[in-house]
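> Next come a sequence and a model predicted from it.
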Amino acid sequence: MNISITRTTSPRHRPADDALGFGKHFTDHLFRVDWDEGKGWHDARVVPYGPLELDPAASALHYGQLLFEGMKAFRAADGTMRLFRPRAHAARLDASARRLCMPEVGEPLLLSGVRTLLRTDAAWLPGGPGTSLYVRPFMVATEPFLGVRPAKQYALVVIVSPVGAYFAGPPRALRIWAEVSRSRAAPGGLGAAKAAANYVASLFAAEEAKVRGYDQVLWLDAARHEAIEEIGTMNFFARIGGTVVTPSLEAGTILAGVTRDSILQLCRDEGVAVEERRITVGELQATAADGTLQEAWGTGTASLVAPIGQLSWEGGSVAIPAAPGGGLGERLRSRLAAIQVGAAPDAHGWLEPV
């Protein structure tokens with residue numbers, strides 16, 4: 001599909017690398033392509049960044065047909081721009097679309113649009129340590145219709161944000177609050193899709209956790225509130241007795257994180273034993289007590305690998321040891337970060353040129 005390009009006549013101010021934060025600034029352009037029943041995807045274009053016009057009866061505003069993805073582009077040592085695992089993100093976007101009864105985009109169209117947008121806004125690529133371009137594709141149901149059924153019109157839009165670290169301030173171990181009464185996702189629900197509904201479902205508990213002085217919420221299984229599922233924006237990992245353990249995906253309540261998969265692969269590369277299985281809060285308590293809980297961390301596209309220092313809940317708490325030198329989690333974070341900027345070998349072909 002041909003992609004037309006209309007360049008802005010009013011370029012935005014580009015912030016310094018040390019003033020980026022996360023998700024606060026946006027580049028000069030966006031990519032958009034529309035879908036109509038019987039016509040499919042059409043009118044792919046890069047246009048100046050600006051508001052989207054939606055009919056007040058647009059289905060997304062009433063029934064929540066809205067999904068998104070998130071991937072990153074990095075500046076390599078030679079100055080070129082590279083995307084990290086874009087095909088995995090494209091596949092996950094289509095999986096989310098199927099679950100929400102929205103049209104699949106397909107890898108060729110999505111990545112062609114992403115690359116065209118990134119080339120158009122290449123001057124925005126930051127180069128400071130820990131910086132990147134965060135690429136946010138999202139799809140919204142645009143048909144003006146108030147009946148309860150899948151919409152017949154959609155827009156796929158991609159925006160780009162130059163970003164620094166996800167968590168503000170100097171590096172530190174996170175304090176996580178485990179939610180033992182509310183639920184974010186149940187088996188058979190939307191937990192495995194990157195649906196906007198999953199995130200709004202997490203906000204109330206997340207705000208309560210912040211009031212208590214915690215960074216994020218750890219969600220537990222909806223039935224018994226015992227088994228660990230995922231943190232608000234990250235997958236959960238623990239190293240117990242030399243084995244790296246992370247919750248399995250079979251129940252369909254956990255997002256299949258691309259960073260999660262990357263960390264599991266790096267562990268296997270190093271010969272570290274990994275297990276994808278059920279983990280309970282009780283197991284963390286017991287292993288902390290007997291000294292076999294060595295460290296824990298969260299993983300995500302935005303945060304990469306973030307150490308966890310404390311896990312608390314109503315009536316209990318676990319202090320997670322600080323591994324010497326940051327431990328395995330820090331080593332994996334450093335190795336993955338080096339791969340992303342081309343400073344370490346990319347044995348699995350995760351980087352792709354823009």
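Now that the structure is in, tell me what you want to look at. Residues are numbered from 1 along each chain as shown.
> all helices of the stretch 51-200 of the chain, in order?
Assigned by DSSP state H, counting those that start in this stretch, the helices in the stretch 51-200 of the chain fall at 59-63, 86-99, 107-120, 196-211.
> would JSON lines of these with distance to residue 248 and mean pLDDT be doable?
For glycine as for every other residue, the C-beta is placed from the backbone atoms N, C-alpha and C. Output for the helices of the stretch 51-200 of the chain, formatted as JSON lines (distance: least, CB to CB, whole Å; pLDDT from 0 to 100):
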{"stretch": "helix 59-63", "distance to residue 248": "31", "mean pLDDT": "97"}
{"stretch": "helix 86-99", "distance to residue 248": "17", "mean pLDDT": "98"}
{"stretch": "helix 107-120", "distance to residue 248": "26", "mean pLDDT": "98"}
{"stretch": "helix 196-211", "distance to residue 248": "18", "mean pLDDT": "95"}
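> Quick one: these as TSV, columns for distance to residue 335 and mean neighbour count too.
Output for the helices of the stretch 51-200 of the chain, formatted as TSV (distance: least, CB to CB, whole Å; neighbours: other CB atoms under 10 Å):
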stretch	distance to residue 335	mean neighbour count
helix 59-63	39	19
helix 86-99	18	20
helix 107-120	25	20
helix 196-211	29	16
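> Residue 29 is nearest to which of these?
Comparison of the helices of the stretch 51-200 of the chain against residue 29 by CB to CB identifies helix 107-120 as nearest, at 5.1 Å.
> Show me the domain layout of this protein.
Annotated domains of the chain cover 4-165, 174-340 [automatic domain parsing].
> Figure out which of those domains is closest to residue 352.
domain 4-165 (5.0 Å).
> got JSON lines for the domains of the chain, with distance to residue 353 too?
Formatted as JSON lines, the domains of the chain follow (distance: least, CB to CB, whole Å):
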{"stretch": "domain 4-165", "distance to residue 353": "6"}
{"stretch": "domain 174-340", "distance to residue 353": "13"}
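> Quick one: closest of those domains to residue 348.
Among the domains of the chain, the nearest to residue 348 by CB to CB is domain 174-340 (6.4 Å).
> End to end on the closest one, go ahead and measure it.
24 Å (CA to CA, to the nearest Å).
> Same check on stretch 224-237?
Distance between the boundary residues of stretch 224-237 (CA to CA) amounts to 20 Å.
> Please spell out which residues along it are buried.
Using 16 or more other CB atoms under 10 Å as the test for burial, stretch 224-237 gives 225, 227-237.
> among those, which are in strands?
With strands defined by DSSP state E, the entries of these inside them are 228-231, 234-237.
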